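S.K.: Sequence first, then the predicted structure:
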Amino acid sequence: MKRSDFGPDFVWGTATASYQIEGAWQADGKSPSIWDSFSHTAGKIKTAETGDRACEFYTRYEEDLDLMRSLHLPHFRFSTAWTRILPDGHGRVNQAGIDYYNRLIDACLTRGIEPWLTAYHWDLPQVLQDRGGWKKRSILEPFEEYLSVLARYFGDRVKNWMVFNEPMAFTGLGYFAGVHAPGLWGPWNFFPAVAHVALAQGRGGRLLKNLLPQAQIGTTFSNSWIDPASDGWLDQQAALRLHAVMNRLYLEPLLGLGFPNDDVWLKPWIDFHLKSGDEKDMVFDYDFIGVQLYTREKARFSALTPLVWADIHKASLRGVKHTEMDWEVYPQAIYNILKFYHSYGKIKKIIVTENGAAFPDSVVNGRVHDADRTAYLKEYMGQILRARQEGVPVEGYMIWSFMDNFEWAEGFRPRFGLVHVDFDSQKRTVKDSGLWFSDFLSGRNANV
Ligand code: IFM
């Protein structure tokens, strides 16, 4: 496998998110986000850490982009913090926040790095959460205002946009399971959030496309390939239900198919929060869809989880190779999911906007020997190439992540980066996987 096998226009890059890397949580007029509040609440983050400093990317972005360029990484996916741009959630624009992202975007471009901007990677302004956040339809106006501000200030230079990062992850974990910000749980929180996020997903894409007709407008989805844990009928049905919730819930309304209503019975609960005409408003033909996948899960029937009636048989208990997140290393999962997206026959272009692995890395004599990560990346890339050669329009691959960062409720322990970060000294050390990927991109290790 070599870079040229993917074609000359294939997009190669790495992905990050504002709260996970920036730090500077109170700098230059920024207001608190739900992740500032959540991480400062005792018991919410497993390691009792916060993103207050994170990778200090807010001040170190130039040296990090220098490193990115030296590694031949041509595309960089980052997100903007709504709280830096509109500290009150709407209304007053904070010029210092605009200036920061202008500097960041310019710093990318002067280094020949193409910026990919995600508008919403989970750090909702706390002031908006205080008014109900995604549970309330009133979130739509400030969200659209935020997108318009982004387009107005950055649209002249940013050509690639993503409206959301992983709606199922932030509503599932934050509004159903209560383990991510804003820490709400239960179907009565989840269903209204799903309704409003799905609506914002369609409307937001359309709004950005109208404002920036020349740009590539996309949005991203979390995915896991789901197989049944056994051949038994109960587990097979459980797998179908989990697949509907984890992989189809936000995609199908976008494609004009409505919320899934076959394998799983959630649609009436969500529709209850919608108005007539909303289902049409949710539909939008994005220029590209961002597919994000790390693993496959095995589903079992469970009587303890109402609505989905399924649970996940964790990889460590199954005795299979897994990462530090307890996610199975199963490269074929990405091939399967790409084929699944293609099977709708409606998606023009797919970019794999996240894929990667956390392993317990350490720096030894100035090196990080992370052979497991390199093997993971090679195998997943091989499966992407296989899907591409079979006609799936997958046109990009971004590794999560450029550098180790704040892994949400897990704290800093899981390290996903191609670059190791010492969170005390903030020293960066390129891991062997980063050197390998760099060589792959520059053609130095032509066949892997
Ligand atoms: O760190 C996250 C990212 O914010 C969203 N996608 C999955 C990554 C790894 O868990």
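M.R.: Thanks, I have the structure now. Numbers count the residues shown, from 1 in each chain.
S.K.: How much space separates Glu354 from Ser39?
M.R.: Separation of Glu354 from Ser39 (Cβ to Cβ, to the nearest Å): 21 Å. All C-beta spots, glycine's among them, are computed from the backbone N, C-alpha and C.
S.K.: do Gly29 as well
M.R.: 20 Å.
S.K.: These two: which has the busier surroundings?
M.R.: Ser39 (22 against 14; other Cβ atoms under 10 Å).
S.K.: Might one say that the more buried one is in contact with Glu49?
M.R.: Yes - counting by Cβ atoms under 8 Å, Glu49 is a contact partner of Ser39 at 7.3 Å.
S.K.: which SS state does Val163 fall under?
M.R.: strand (DSSP: H, G, I helix; E, B strand; the rest coil).
S.K.: wait, I meant Ala119
M.R.: Strictly by three-state DSSP, Ala119 counts as strand.
S.K.: Thr219 now?
M.R.: Thr219 - assigned by three-state DSSP - is strand.
S.K.: Tell me which residues touch the nearest residue to it once chain neighbours are set aside, please.
M.R.: The spatial neighbour of Thr219 that comes closest, neighbours along the chain excluded (Cβ to Cβ, 6 or more residues apart in numbering), is Val163 at 4.3 Å. Neighbouring residues of Val163 by Cβ atoms under 8 Å, 6 or more residues apart in numbering: Thr118, Ala119, Tyr120, Leu147, Ala200, Gln201, Gly204, Gly205, Leu208, Ile217, Gly218, Thr219.
S.K.: And Lys30, by the same measure?
M.R.: So Lys30 contacts Ala24, Ala81, Thr83, Arg84, Pro87, Asn94, Gly97 (Cβ under 8 Å, 6+ apart).
S.K.: And those residues, which is closest to the ligand?
M.R.: Ala81 (13.5 Å; Cβ to the nearest ligand atom).
S.K.: The closest residue to Gly391 other than its chain neighbours and the ligand: what is the separation?
M.R.: In this structure, Gly391 finds its nearest non-sequential neighbour in His342, 7.3 Å apart by Cβ to Cβ, 6+ apart. Distance, His342 to the ligand, by Cβ to the nearest ligand atom, to the nearest Å: 22 Å.
S.K.: Could you check how far the residue in the stretch 201-350 of the chain that the ligand sits nearest to is from Val197?
M.R.: Nearest residue of the stretch 201-350 of the chain to the ligand, counting by Cβ to the nearest ligand atom: Gln292, 5.7 Å away. Remark: distance between Gln292 and Val197 (Cβ to Cβ) = 16 Å.
S.K.: Could you do Trp12 as well?
M.R.: Distance of Trp12 to Val197, computed by Cβ to Cβ: 29 Å.
S.K.: sorry, back to before: quick check: pLDDT value at the residue of the stretch 201-350 of the chain closest to the ligand.
M.R.: Gln292 is assigned a predicted lDDT (pLDDT) of 98.
S.K.: Validate this expectation: it resides in a strand.
M.R.: Yes - counting by three-state DSSP, Gln292 is located in a strand.
S.K.: what ranges do the helices span in the stretch 201-350 of the chain?
M.R.: 233-243, 251-254, 267-271, 278-281, 315-318, 332-343 (DSSP state H, counting those that start in this stretch).
S.K.: Can you tell me which of those helices is packed in deepest?
M.R.: Of the helices of the stretch 201-350 of the chain, the one with the most neighbours on average (mean count of other Cβ atoms under 10 Å) is helix 251-254, at a mean of 23.
S.K.: if we can go back for a sec, among Trp12 and Val197, which residue is more densely surrounded?
M.R.: Shown here are Trp12 and Val197; by other Cβ under 10 Å, Val197 has more neighbours (24 against 18).
S.K.: Check whether Gly174 really touches His180, as I assumed.
M.R.: Yes - look at Gly174 against His180 with Cβ under 8 Å: they come within range, at 4.2 Å.
S.K.: Are there residues contacting both of those two? Which ones?
M.R.: In contact with both Gly174 and His180: Trp122, using Cβ under 8 Å, 6+ apart.
S.K.: Of those two, give the one with the bigger neighbour count.
M.R.: Taking other Cβ under 10 Å, Gly174 and His180 do not tie; Gly174 has more neighbours (29 against 22).
S.K.: Most neighbours of all the contacts of Lys30, which one?
M.R.: Thr83 (28 neighbours).
S.K.: who's in contact with that residue?
M.R.: So Thr83 contacts Lys30, Ser31, Pro32, Ser33, Asp36, Gly97, Asp123, Pro125, Gln126 (Cβ under 8 Å, 6+ apart).
S.K.: Tell me the first helix or strand C-terminal of the one helix or strand it maps to.
M.R.: Per DSSP states H and E, Thr83 falls inside helix 82-85. Next helix or strand after helix 82-85 toward the C-terminus (DSSP H and E): helix 95-110.
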